[in-house]
Structure formats: C-alpha cells, structure tokens
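> Provided below for reference: sequence and predicted model.
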Amino acid sequence: MNLMNNLKIGMRIYFIAILLNVLMMIIASIGIIKMGNIGNVLYDIAEIDIPLTRIITQMTVHQLEKAVYFERAMRYATFLTDFQNHTARDHFNSAKESCFKQGRLFNENLEKAMKIPEHALQNAKNLQARQQFKDILDALKSIDKEHHEVENKMKKVFEMIDAKKIDRAEHQADQIEDAEEDLFHTLEELLMNIEKQTETAGKHAEHEEAAGLRTMIWITIIALVLGIFLSLYITKSITRPLIDIVNIAKDIAHGELNKEITIDQRDEIGDLANNFRSMVSRIRDCVKVTMDQSQHIKDGDLKSRCENKGFQGAWKDLTKGINDIVDAFIEPFDVVAQNLNRLSRGDIPDLLDHDYKGDFNEMRNSLNQLIKVLSTIINEIKSGTDVLLDSVQDLTVSSQEISSTSNEQAAAVKEIVSTMEDSDQLAKSVAGKISEVTDRTTSTKDVVNRGFTVIKESLDKMSEIKTANAETITDIKSLGDKVESIWEIVNMINGIADQTKIIAFNAELEASSAGEAGKNFQIVASEIRRLADSTVSSTSEIKAKITEIQQSSDSLIIASEEGTVKITEGWELSNNLKTIFDDILHSADVSATASDQIATSVNQQASAFEQILLTLKQISEGIDNFVISTKSTSEASEKLKEISNNLHTVLENYLGHGDKSNG
Amino acid sequence: MDNQELLDNITLRAQNENEEQIENAEKINKYLIVSVKDKKYAFHADQIREIVMNVPLYYVPFVPHYIRGFINRHGEPYTVFDLNALFEKEQLDSATFLISKFNNDQIAFLTTSVIEILKIPESEVHLITSTDEYDSFFLGALNSKGTEIFILNLQNIIGRLDDDLGSV
Amino acid sequence: MTSVVYNMHEFLVLSYPELGFIINRDQIFASVFLEESQEMESDTRYLTAQMQFNEHTLPVFDLEHYIKEVFDCQNESLLNVALIVDRTIFNTDNQETYADTIIKQYSHFSEQYLALKVNVNAVIKGIALSEVRLIPIGIREVLQGQGILGCRFPEAGLIHYWLDFETIIINCVSGKAIGLNKD
C-alpha cells in the first residue's frame, strides 16, 4: 500500500482501469470458450445425429415395406400353380420388383448413413466421440451384412418360386421373416443409441452452459468487489491528505502558524504538502521579524531595522516597508526635538521649510506656528515694556505738574462761588416759566380727552356696522340653503316627470296592443306624453331660474364679503386712531407731570447751589490733600520705572527670529 | 249646378279620396326606441307589454352572464336579459326594464332609458341579410334623425339563451 | 300536512339577510341543534362531517356552504342546525344512486338518514300555494335540474327560492353539480 501511495495519482487511476479491463477480458474469454464447446455439441447434433436418425428411420421404413412386399409376393406365389391365373403372376412380379426396389433404396440409404460416421470419425475432437462414431459405423456394417443375408435368402426364395418349389420357398420365407425381424430390431436399437447419444450431448451442452455462467458470475463479483475496494482506497489516498492540507490552511488563515503538516508522500499530494510547509515557514519568519521590530519600537529603540536579507518578493517588500515606516517617523521627530531644545535654551529657531508628506506637514506647521507665536509674544512684551518705561517717565512728570495745578485750583474755586450766586437768580426765573408751561399742558390734556371720547364712540359704531354686515351675510347664506332645498323639489318633480313619461309610453303600448279599440286610448296616451314633456320643459325653466337666483345670491355674498373687508379695515383704522389718541393723552399727561417735576427740580436746584458752596470748601481742603498724595505717586512711579528696566533687560536675552532678520 | 248637385259632387269626391287613401295606405309599425348605455336600439312595440323602473333585481344562479336575475311583476318572476352584457360583455348599471309579451315565457330586458316611440312605415326599414352571429340578433335598421337604429330580433336573442343552457 | 280549505302547504323556511329558502316540509324528518359533529374529508362535494342521531351515524352535507357558494349569501350567525332527511322519500333511481355512492363508500353511515347543516333557525310555516311561482320557462329546466323548483315574493325587496333537497343531494353525490355563472 505504501507503494500505491508513492505512485502518481494518474498512475493509480490507470492501474485500476487496467485491472478492471483484464478481469473483463478473462470473463469474456471464459464465456467464449464455453460458448465454443456448446457450439460444437450443437454442431454434432445438427450435422450428425439428426441426419443419421433421419436416414436410419428411412431405412427402417424401406425395410418394413420390403417385408410387406415380400409377404405379398409370397401370397401371390401360392396362386402361381394355376397357370391360367395371369393376374396372380402379374401381382407376384410387381410385388417382387417392389421388394427388390425397397432393397435397393435401403442399400442407398445405408451407404449414405455409413458416410456420416466415417466423416465424423475424421473430425472427432475427443476419444469418446471417436468411440461413439465407431460404434455407429460398426452397427451399420452389421446391418449391412444382415441385410445382404436377407436379400440373398429372398433371391433364393424367388428362384424357388420361379422353379415352382413353392413349399420350400414358403419354408425359407419363414426364416427370412425371422431375419427381417432381427434386422428391424437392430435398426431400432441403433436409433435408440443415436437418440441416447443426442440426449447425452444436449445435457453436456447444458452442463457446459451452466458451468460457464457460474464461472462468469463469480469472476464478475470478484471484479466488482476488487474494483470498489481499490476505488475507495485510491479516493481515500487522494482526499484524506487534501482535507488535512485544507484544515491546516484554515488554521493558518485564523492565525495559528504553529500547525505542522505530517504528509509524507512522493506523489503530487506530497509535492503540494512540501510547498505548503515552506510557505508556512516563510510566513512564520516574516511574522517574527515584524514582531521583533515592533518590540524595538515600543522599547524606544528607533535605530533598529528589520532584517530582510533572507526574504524575497513580497516578503522582502513587507519588511522593507516596515523599515521605511520607521524612517519616515524618525526624521521629523529628530527635527522637532532639535528645535525644542533650542527653544528651551532661549534660542528661537527659524521656521521649518522642509516639505514632508501627509500628517508630518501638520506637525511642521504646528511647530512653525509655535515659533511664530512665541516670537510675537516676546516682541510684544518687549515693546510693551518700552512703552511702560515711557509711561512711567511721563507719570513722574505728570505728578509734578499736578501739584502745581492744585494751587491754581484753589483760586479757581472762589471764582466758582460768585458764579453760583448768579445761577441762583437764574433758577428762580426759570421756575416761573415752568409754571406757565404746566398750565398749558393741563388744558391740552382736556382737549385730548374730549377727542378720545369721540373716537371711542365712532369705534362702537363701526363694531355695530360690522356685526350687522355679518348678520346680513348669514341671512344671504341661509337663503342659498333654501334655494338648495328647492333643487330637491325640482329633482322630485323631474322624477315625477320621468315616471309620467313612462306612464305615457306604457299607455301608448297598451293602445297599440288594443288595436282599433285602443285608438281613443292613444289620445289619452298622447296627452299624458304631452303633460310629461311640458313638465320636463317647465322643470328645465325652473332649474334655469333657480340657477339665476343662486348666481345672484352668490354674487351678493361675494359683494357682502368684500364690504365686510372694507368695514373691517375701517374698524381697524378707528382702532389705530384710538391708540394714537391714547398715546397723545398719555403724552399730555406726561408733559404736565414733567412740567411739575421741572418746577420742583428748579427749586431743588437752588437749594443745591448752597450745598455746592459748602462742597467747594471741602474741595479746597481736598486739593491740599491731593498735593500730598501726588508726591507719594511720584515715588511709586520711580519704583515702577526701575522694574520696567529690569524686565527689558531680561527680554533682551531672547533673540526672536524677527530680531535676527532685523539684525 | 244647384246646391244639391254641388253637395252630391262634394260627397262623391270625399268618398273617392277616402278609398284612395285606404288603397294607398301602407303598413306603419310602431317601434320603441331605447338607449343601452350609449347605443340606441328599437323594439317592436307589439313585443313590449310595459315599462317598469326602479324595481329590485334578484340574483339567480346557474345562468349565463347576460341573465341578471329576476324582477317581480305582480308576484310573477321575470327573467332579466342585460342587452349590454350580451353585446358588449359588460353589465349595465340601470333600473329600467321592458316587460316583453312572450306568451310562453316571462322575460324582461334591462335598458338605460326609454327615449321615444316612433311610427315608421315598413318601406323605411332596411332588413339585415348578414348571417354573422352578432347580426342575427337584429331584424333590420331604421333611420331616426339621421341616426341608424337597429331593430332587435327578440326571438334570436332568446334563442341564444336556449343554446347556452342546452350546452350546460 | 295540507290544509284543503285554504290550499296551503307546510314549508320549512330558512331566512337570510337578503333572501330566503323554502323546502317542502315532507322532505324533512327532523330538525336538531348540531352540538357535536366530527369533521371528515371526502371526495363528495359538501360532505364535510358526520354526526350521531338516534344511534345512527349520519353524513352531514354543508348546505350553508352550498347556499354561500351558489347564492353568494353569507350569514354571521353561530347557530348550527341539522335537518335530518329520510332517504326513503327519494325516488327509486335516486335511492339507488345514493346507495351506490355514499352507502357503498362509507359503510358505517346510516342507510336511511342523512343530515344537512345550516346556520339559521328553521321555521315551519304554512304558505298558500298560490304564492309560489314556477321559474320562467326559459331557464326552468336548468334551475330545476339543480334543485331550484320555484320562488315566491313574500314582501317588497325579498325573494324566497323553493329548494329540492333530493336533487341537491343527488347532484352532490353523483358529481352533477355544474359550475356557477357568477360575475
């Protein structure tokens, strides 16, 4: 079986085919041989036994006829003593001739019969057949001999009869009859032997056929079993390893690379298994290299790269690709690290202008943005510091100026007091004017109130008009509904008109049926018809009138609705007018109130001026205090100036990229 | 001529005119013109007993599709023929029935409406000679206001029912 | 029973929403509420169940289904009434036909009785024969051949068909029921 496994698949299939063909040929050969044997037997039966049987039967017939003719001759012979009986002589001669004729025919058939076993002896296929044919030939020879003896005796008898020795002839005839009897039995025996032989041959042929059939069946069964067994075995030997390979391929597809293929054959399956093993090994190596490299990267060792010398094709491309990825990451990170280092040392670098790919450009742009923003902040702080310095300087100068100014302010306060007294006079005259305004405003408010009342009345009237208009429209619509109900009546009348028409038709039909007697009824029918027609036409007029009424009602409704719209607009205008008058009234109220308030305010103002004078004194005192505080402000601004200088000095250390470009 | 002679002359003339009229009078038939959906047909007035409307129609099983059922006239069932179903294979939605005058059967015809009764001389009726199955339902055609109206052959229409039932 | 004086005859009346049916009282042996029946499958049209009656097993023909199919008439009632028919009232030929079909095929069925199932209450009523009309002659033969002998109009908008149970049952068992000409 190992040998079978080491054969190529094609060879195994050829082996089964050849084996089955050989078995088929064996079966066919056995069949042919057995058929041949049966054919021989049948040939013997057809060519030998049957003709021989026929001839011997013929001989028997001839022998019997000969015996009959002999006996007849003997009978007629008894009448031969009467010379006058010519008829007996003729019959005797005729019988004698017939007897000899049958004898000749017997001999002819005997010769034919003897030729058959002689020929068969030459072509006999075995000893048994040869012996059979020899026995037949001997029997025929014996028959020949007996027949000759009988013939001779017959001749002698006829000679005796011719010699008028009838008694002696009769005595001889008795012997001849016995001899003929014996001959007949011999022929019969021969026939029986031949029949037995034929029967035996037939049975032998049947036996041959059965034996052949059994043999062929057994061989067919053996061939079938062998064929099935071999087919199953060979199929298994092909499919089992293929299934194993498929299962392992599935495991590999699921990531289980540790599976091993245990197939060890030298056929196409073995080649497939070997190539599959080398493929799995290559995949494992590639995975290991990749995993190692990723571990290096995780550990921070960015300098290591995948070893791809032992790989080819796509595996080599894969490992090279991983190395390229690492390289692609490393370069921009290096640049970023360098620039950040410079920033930490206070050295603001230039903007990066290297063109990377994809997201690395984002990183470059972000870093550039950081550099820009940092530079800008530092520059602004520097310029702010400069401004601060200037401002502090100005502040110092200002505080000095303020103290001289406060002296001047004291003098100015006095001037303000005299001015305040003038203002008091002025306020009193304003209060008088305000009173007059208040009186005017009150009278305006009364006028507006009266106007408001008129507007309200006109608004109420508009509402009444609107309500009355809506009622009018409702009445018109209910009129329209009543017109609709008239339609129903018209339709009813129409239905009655139709029925009347039908009655008219029926009347006319009855009138026709009645013949002459129905002539007068015909007039009634015609009148009913006319009534129906006029009803229909009247109904049509009514319909037209109702339609006109409906149209008028519809247009009236439309006009009313348009009027309603106008009324509504007028009502809304009146409403707006009311609102406006409301506002005017409100404004008049407000004006009157405001005038009162102004008068009150003016009075309050006068008393306020007194307060102001008191306050001015307080201000004077305050100015003195202000001078003192101005001094302390100057001292503070000196300190601020010192701090600004220090800040400026610090910022000078940061050399922004703008500074560099400006020198 | 005196008055008596004049009277005799006038009387003789009137008699002669009457006799002439009677001799020349040709047979005038009455036809009931009905509409079946949008088509007009004519019935011999002699064949129609009456017209009824808006009576209930009762369904009858085991009959051809153009037999819509029964209506009840004076307690008697009448078989209703739908001419539109017979000619156009589409049932008519209507309730105007023509009760026929067949003595040996009770048959009514469903139509859309009855239009008029016309008196038509026999000479103005054109006979139909075609042996087409559809044309066998018509006796002839008459002309009314420029429209040709077919006259129904009720015998053949009812004969169609016998044929259809005979084949069941 | 026949009232000679008024020429009346007793009919069994089955009333449905839009029409009704009258059956010659003499055709009905009894009427019982059908409380229990066993469903069965058969090649005979409308023979759908069997029931017990007076120690006999009777075939149950679903007349309700026949009425629904032929007249397109449905009844929502849950009532189950069995009308018992005595086969000996059939004519000789029909008795033979019944024996050759149902009795031969189902040997456990009663030879004398059979049942028809309806879902309405069956009421016995005396009806004047003058009210009953024959079918118009043109379609009389085909309708009578299917068991519809005549009709009456008891009130406006209502028709009652006179059914012959014998013809209906024999048509079912012999397979002579024809197709319906419905729209």
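Structure's in. What do you need?

> Report how many residues lie close to B:F137.
Residues within reach of B:F137, counting by other CB atoms under 10 Å in any protein chain shown, total 21. Quick note: C-beta positions are derived from backbone N, CA and C, even for glycine.

> Report pLDDT for it.
Note for B:F137: predicted pLDDT of 86.

> excluding its backbone neighbours, what's nearest the residue positioned nearest the centre of chain B?
Among the residues of chain B, B:F43 comes closest to the average C-alpha position under CA atoms, centre = their mean, at 1.1 Å. Distances taken as CB to CB, 6 or more residues apart in numbering or on different chains put B:L32 closest to B:F43, at 4.5 Å, once the chain neighbours are dropped.

> ok, back up a step: helix or strand for the residue nearest to the centre of chain B, which one?
Per DSSP states H and E: B:F43 is located in strand B:39-44.

> ok, the residue nearest to the centre of chain B to A:M11 distance?
Using CB to CB, to the nearest Å, one gets 99 Å for the distance from B:F43 to A:M11.

> ok, now which ones touch the residue nearest to the spatial centre of chain C?
What sits nearest the mean C-alpha location of chain C, by CA atoms, centre = their mean, is C:F165, with 3.7 Å. With contacts defined as CB atoms under 8 Å, 6 or more residues apart in numbering or on different chains, C:F165 is in contact with C:23, C:27-28, C:83, C:85, C:116, C:147.

> possible to save those as CSV with pLDDT?
Listed next are these as CSV, based on pLDDT from 0 to 100:
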residue, pLDDT
C:I23, 94
C:Q27, 90
C:I28, 91
C:L83, 92
C:V85, 93
C:L116, 93
C:G147, 93
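
> rewinding a little: was I right to think the residue nearest to the centre of chain B contacts B:L152?
Yes: counting by CB atoms under 8 Å, a contact exists between B:F43 and B:L152, whose distance comes to 5.8 Å.

> Low-confidence regions, the stretch 51-200 of chain A specifically.
Applying pLDDT under 70 to the predicted model, the residue ranges of the stretch 51-200 of chain A that meet it are A:82-85.

> Looking at it, what residue ends up closest to chain C?
When distances are taken as CB to the nearest CB, the stretch 51-200 of chain A approaches chain C most closely through A:E199, which lies 60.8 Å from it.

> now for the host helix or strand of that residue, which elements pack on it?
Secondary structure here is read from DSSP H and E; on that basis A:E199 sits in helix A:166-253. Counting contacts by 3 or more CB pairs under 8 Å, 6 or more residues apart in numbering or on different chains; DSSP states H and E, helix A:166-253 packs against helix A:2-6, helix A:9-44, helix A:50-78, helix A:127-162, helix A:268-298.

> and those, which is most packed in?
Ranked by average neighbour count under the criterion mean count of other CB atoms under 10 Å in any protein chain shown, the helices and strands packed on helix A:166-253 are headed by helix A:50-78 at a mean of 19.

> tilt between that helix and helix A:127-162?
Here helix A:50-78 runs at an angle of 10 degrees relative to helix A:127-162 (axes from the mean of the first three to the mean of the last three CA atoms, to 10 degrees).

> In three-state terms, label the closest residue to chain A within chain C for me.
Using CB to the nearest CB, the closest approach of chain C to chain A is made by C:A156 at 17.3 Å. In three-state terms, and counting by DSSP: H, G, I helix; E, B strand; the rest coil, C:A156 is coil.

> ditto for B:A108
Classification of B:A108 into helix, strand or coil gives strand, according to three-state DSSP.

> rewinding a little: of the contacts of C:F165, which is the most crowded?
C:L116 (26 neighbours).

> can I assume it sits in a strand?
Yes: in this structure, C:L116 lies within a strand as judged by three-state DSSP.

> who's in contact with C:G175?
Shown here is C:G175, whose contacts under the criterion CB under 8 Å, 6+ apart are C:R45.

> Distance of it relative to C:Q144?
With CB to CB as the criterion, C:G175 and C:Q144 are 18 Å apart.

> for chain C, what helix or strand is lowest in average pLDDT?
Counting by mean pLDDT, DSSP states H and E, the weakest-scoring helix or strand in chain C turns out to be strand C:2-3, with a mean of 47.

> Helix or strand next in line after it, which one?
On the C-terminal side of strand C:2-3, the closest following helix or strand by DSSP H and E is strand C:8-15.

> That next one pairs with which strands, and in what direction?
For strand C:8-15, sheet partners with direction are given as strand C:2-3 (antiparallel), strand C:19-24 (antiparallel), strand C:122-128 (antiparallel), following DSSP bridges.

> Going along the chain, name the strands of chain C.
Assigned by DSSP state E, chain C shows strands spanning C:2-3, C:8-15, C:19-24, C:30-33, C:38-39, C:47-53, C:56-62, C:81-86, C:113-118, C:122-128, C:133-134, C:148-152, C:159-163.

> Close to chain C: what parts of chain B are there?
Taking CB under 8 Å from any CB of the partner chain as the contact definition, chain B meets chain C at B:56, B:58-65, B:67, B:70, B:72, B:75-79, B:91, B:104-107, B:158, B:161-162, B:165, B:168.

> Return the members of the residues you listed classed as buried.
If you count burial by 16 or more other CB atoms under 10 Å in any protein chain shown, the buried members of these come out as B:58-64, B:67, B:70, B:72, B:77-79, B:106-107, B:158, B:161, B:165.

> residues in chain B within reach of chain A, list them.
Where chain B comes near chain A, counting by CB under 8 Å from any CB, the residues are B:30, B:32, B:45-46, B:48-53, B:101, B:114, B:117.

> buried residues in stretch A:113-132?
Across stretch A:113-132, burial judged by 16+ other CB under 10 Å covers A:113-114, A:116-117, A:120-121, A:124, A:129, A:132.

> Mind checking which of those land in strands?
The members of the buried residues of stretch A:113-132 all map outside strands under DSSP E.

> Relative to chain B, which of the residues you listed is nearest.
Proximity of those to chain B (CB to the nearest CB) peaks at A:I116, which lies at 83.2 Å.

> Please report how far the residue nearest to the closest one when sequence neighbours are not counted lies from A:L137.
Nearest non-adjacent residue to A:I116, counting by CB to CB, 6+ apart: A:L52, 5.2 Å away. With the distance defined as CB to CB, A:L52 ends up 11 Å from A:L137.

> Would you mind listing the residues touching both of those two?
The overlap between the contact sets of A:L52 and A:L137 (CB under 8 Å, 6+ apart) consists of A:P117.

> Need the pLDDT of the closest residue to B:S100 other than its chain neighbours.
Leaving aside its chain neighbours, B:S100 sits nearest to B:I107 (4.8 Å; criterion: CB to CB, 6+ apart). As summarised for this prediction, B:I107 has a pLDDT of 95.

> wait, which of the strands of chain C is closest to A:I371?
With CB to CB as the criterion, A:I371 lies closest to strand C:38-39 of these, at 95.4 Å.

> Check which helices and strands the closest one is in contact with.
With contacts defined as 3+ CB pairs under 8 Å, 6+ apart, strand C:38-39 has these neighbours: strand C:47-53.

> ok, the strand holding B:F43: who's next to it in the sheet?
According to DSSP bridges, strand B:39-44 forms sheet pairs with strand B:28-36 (antiparallel), strand B:147-152 (parallel).

> got the angle for the very next helix or strand once past the shortest one vs strand B:39-44?
Spelled out, it's strand B:147-152. Using DSSP H and E, the helix or strand that directly follows strand B:147-152 along the chain is helix B:154-166. In this structure, helix B:154-166 runs at an angle of 100 degrees to strand B:39-44, with the same axes, to 10 degrees as the basis.

> I'd like to know which elements helix B:154-166 is packed against.
Using 3+ CB pairs under 8 Å, 6+ apart as the contact criterion, the elements in contact with helix B:154-166 are strand B:76-82, helix B:83-88, helix C:137-145.

> redo that, cut-off 7 Å
helix C:137-145 (3 or more CB pairs under 7 Å, 6 or more residues apart in numbering or on different chains; DSSP states H and E).

> so how far is the helix it packs on from its chain's centroid?
The chain centre lies 18 Å from the centre of helix C:137-145; the measure is CA atoms, centre = their mean, to the nearest Å.

> now do stretch A:222-239
A distance of 41 Å separates the C-alpha centroid of stretch A:222-239 from that of its chain, computed with CA atoms, centre = their mean.
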